[in-house]
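> attaching a predicted model along with its sequence, questions to come.
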Amino acid sequence: MFDDFDVDRRPLVLIWEVTQACGLACRHCRADAEPKRHPDELTTAEGKRLLDDAAAFGDGQLIVLSGGDPLARGDLTELVSHGDDLGHRMTITPSGTASLTPARVEALADAGIQRMALSIDGATRESHDRFRGEESFEDTLTAARAARDAGLPLQVNTTVCAQTVDELPAIRDRVRDLGAVLWSVFFLVPVGRGRILDPIPPERAEEVMEWLHGVAEAERFGVKTTEAPFYRRVGRQRDGDGAGVRRRGGITAGRGFAFVSHTGETYPSGFLPKSAGNVRDRSVVDIYRNAELFESLRDPDGFAGKCGACEFRQLCGGSRSRAFAATGDPMGSDPLCPYVPEGYDGELPATLDGESTGVPDVAD
């Protein structure tokens, strides 16, 4: 499908952070979420106009409503219905709180939500709640079962860092048991409250990529990585002819991906908080297609360091968000990827390795 998808014209994924308000205060939260809604959030009318504008991307635009916790907005189902009426594929990433009841899940499905993504960062209540610093595991499982009962496809999101990597096999089993259709494995970018967490070292990340390809082959659910596009490079090298990598190029910040903040600022990614314009002043379509920042991120030949020299730069391109977090330059090299192109003798990026030595190997 992606082979015929023109990322210069439209994003595969458009995320709208409808609010930063959330009843949780998870330790890894990108948004630095707070209990109260921001007074300058996009209003209902402005949100509908954003969805109207996004229709110019073309039929079936994938819209992800994120937060904070989208359920903090009283107009949420109204916004979902509006997007659904426009022909968007409306999906949502709610927080696992007591407010995400089976009745709320069913109401979201009735309004037009087509997929729900829930975060599971530990295989047990103890490990999940310890990592998040909040008691959310049981509420998350209740919501996951409610999604299944409502006929709503479930996606599970998992953060990979030094504190969670050894639980991945058990989390995989949990994903399978919940009947999820997709496991989205997010490799930590140190932004927001996530700065306090320890990333895994590059060599370990490579091992996890290899393992995830095996999971994808063995399981009925799909597997994708977030902020780790070198998963595709590993797949190409692993399979030789690239049979295990369906898409020609990875989705990266600004290249098939865009993020609108709760106040309308438009970023290449929520993990790359560098604004290219505000949807109150300029159409999100115009920003995505024509803003200089977005255009530069869609040209891997212009990347610096080993990412720019890499023969896999069109397939992968590296995490632009992690490069920005590490160096302040979104065109720099991704410090999580250990691969060095043959013949490259330039500067190598410093790793974001924290206290990550001695983390157990991923194994069954």
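Looks like it came in fine.

> which residues touch the residue sitting nearest the centre point of the chain?
Of all residues in the chain, the one closest to the mean position by C-alpha atoms, centre = their mean is residue 226, 4.9 Å from it. Residues near residue 226 by C-beta atoms under 8 Å, 6 or more residues apart in numbering: 157, 184, 185, 186, 187. Using the backbone N, CA and C atoms, a C-beta is placed for each residue, glycine as well.

> which of these fall in strands?
157, 184, 185, 186, 187 (DSSP state E).

> what strand or helix carries the nearest residue to residue 340 once chain neighbours are set aside?
Leaving aside its chain neighbours, residue 340 sits nearest to residue 306 (5.9 Å; criterion: C-beta to C-beta, 6 or more residues apart in numbering). Using DSSP states H and E, residue 306 sits within helix 305-309.

> what helices and strands are in contact with that helix?
The helices and strands touching helix 305-309, judged by 3 or more C-beta pairs under 8 Å, 6 or more residues apart in numbering; DSSP states H and E, number zero.

> for residue 50, which three-state class applies?
helix (DSSP: H, G, I helix; E, B strand; the rest coil).

> identify the residue spatially nearest to it, adjacent ones excluded.
residue 279 (5.3 Å).

> what's the separation between the one you found and residue 104?
Plainly put, residue 279 is 27 Å away from residue 104 if you go by C-beta to C-beta, to the nearest Å.

> equivalent analysis for residue 85, please.
Residue 85 sits 21 Å away from residue 104, taking C-beta to C-beta as the criterion.

> about what we covered before: and the residue nearest to residue 340, what pLDDT?
Note for residue 306: predicted pLDDT of 95.

> contacts only, for it.
Residue 306 touches 333, 339, 340, 341, 344, 346, 348, 349, counting by C-beta under 8 Å, 6+ apart.

> single out whichever of the residues you listed has the smallest pLDDT.
residue 349 (83).

> which residues touch it?
305, 306, 323, 326, 327, 332, 333, 334, 335.

> excluding its backbone neighbours, what's nearest residue 224?
residue 184 (5.4 Å).

> residue 275 and residue 263 touch, don't they?
No - between residue 275 and residue 263 there is no contact under C-beta atoms under 8 Å: 9.8 Å.

> quick check: longest helix of the chain.
helix 202-218 (DSSP state H).

> between helix 202-218 and the next helix or strand after that helix, find me the angle.
Next helix or strand after helix 202-218 toward the C-terminus (DSSP H and E): strand 222-226. Here strand 222-226 points in a direction 160 degrees away from that of helix 202-218 (axes from the mean of the first three to the mean of the last three C-alpha atoms, to 10 degrees).

> roughly how far is whichever helix or strand comes after strand 222-226 from the heart of the chain?
As assigned by DSSP H and E, the chain's next helix or strand after strand 222-226 is helix 230-239. Relative to its parent chain, helix 230-239 has a centroid offset of 20 Å by C-alpha atoms, centre = their mean, to the nearest Å.

> name the residues of helix 230-239 that are buried.
Of all the residues in helix 230-239, those buried under the rule 16 or more other C-beta atoms under 10 Å are 230, 231, 232, 233, 234, 235, 236.

> turn these into a markdown table, including pLDDT and distance to residue 203.
Listed next are these as a markdown table, based on pLDDT from 0 to 100; distance: C-beta to C-beta, whole Å:
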| residue | pLDDT | distance to residue 203 |
| --- | --- | --- |
| 230 | 96 | 13 |
| 231 | 97 | 15 |
| 232 | 96 | 18 |
| 233 | 96 | 15 |
| 234 | 97 | 12 |
| 235 | 95 | 18 |
| 236 | 94 | 19 |
